[in-house]
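**Q** predicted coordinates and the sequence they were generated for:
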Amino acid sequence: MTTGAGPSYEPNILLAGMKEPRHFPNLFSTIKLGDFTLKNRIAFAPTGRQDCSEYCTPSDQNICGYTAIARGGVGMAVMEYTESTYKYGRPPMRRPSFHSDNQILKWKQLADATHGYG
């Protein structure tokens, strides 16, 4: 896109504290990460949302939240910290965990919902 008034930037991204936009030509291009090809180089970092169910599995609210993030166009969303064993005690309430086979269904629902967007 050119306006005739100097260089154009596509996409036009202004980072905090910068006086002029910077051009990131590869930001929206695909990238190979191991066996996966991501649709762009934007990643949602893991957070500590703690909005899982009382059984430490993704709640409907949790699934909707991560689905919205995926729908927003990120190339990869990393799930928040998870507990994988009760070896050192039960995880605090609402913290996701993956320690039992009976939790797989909800994790599959989360994966299916988010993977539908890339």
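**A** Sure thing, it's come through. Residues are numbered from 1 along each chain as shown.

**Q** how about the strands in this structure?
**A** Under the criterion DSSP state E, the chain contains strands at 31-33, 36-38, 43-44, 76-77.

**Q** flag the shaky bits of this structure, pLDDT-wise.
**A** Low-confidence segments of the chain (pLDDT under 70): 1-22, 89-91.

**Q** centre-most residue in it?
**A** Among the residues of the chain, the one closest to the centroid is Ala77, at 1.7 Å (Cα atoms, centre = their mean).

**Q** surely that residue meets Arg49?
**A** No. Between Ala77 and Arg49 there is no contact, the gap being 11.7 Å when judged by Cβ atoms under 8 Å. (C-beta placed from N, C-alpha, C; glycine too.)

**Q** list residues touching both of those two?
**A** With Cβ atoms under 8 Å, 6 or more residues apart in numbering applied, the contact sets of Ala77 and Arg49 do not overlap.

**Q** show me where the protein has its helices.
**A** 60-71, 104-115 (DSSP state H).

**Q** wait, which of these is closest to Lys87?
**A** Closest approach to Lys87 among the helices of the chain is made by helix 104-115 (19.4 Å; Cβ to Cβ).

**Q** tally of neighbours for Lys39?
**A** Neighbours of Lys39 under the rule other Cβ atoms under 10 Å: 15.

**Q** show the contacting residues for it.
**A** Contact partners of Lys39, counting by Cβ under 8 Å, 6+ apart, are Thr30, Gly73, Gly75, Gly118.

**Q** now do the second one against Cys52, distance only.
**A** From Gly73 over to Cys52 the distance is 24 Å, taken as Cβ to Cβ, to the nearest Å.

**Q** more crowded one of the two?
**A** Using other Cβ under 10 Å, the more surrounded residue of Gly73 and Cys52 is Cys52, with 24 against 12.

**Q** list phi and psi for the more buried one.
**A** As for Cys52, its main-chain torsions (degrees, to the nearest 10) stand at phi -80, psi 180.
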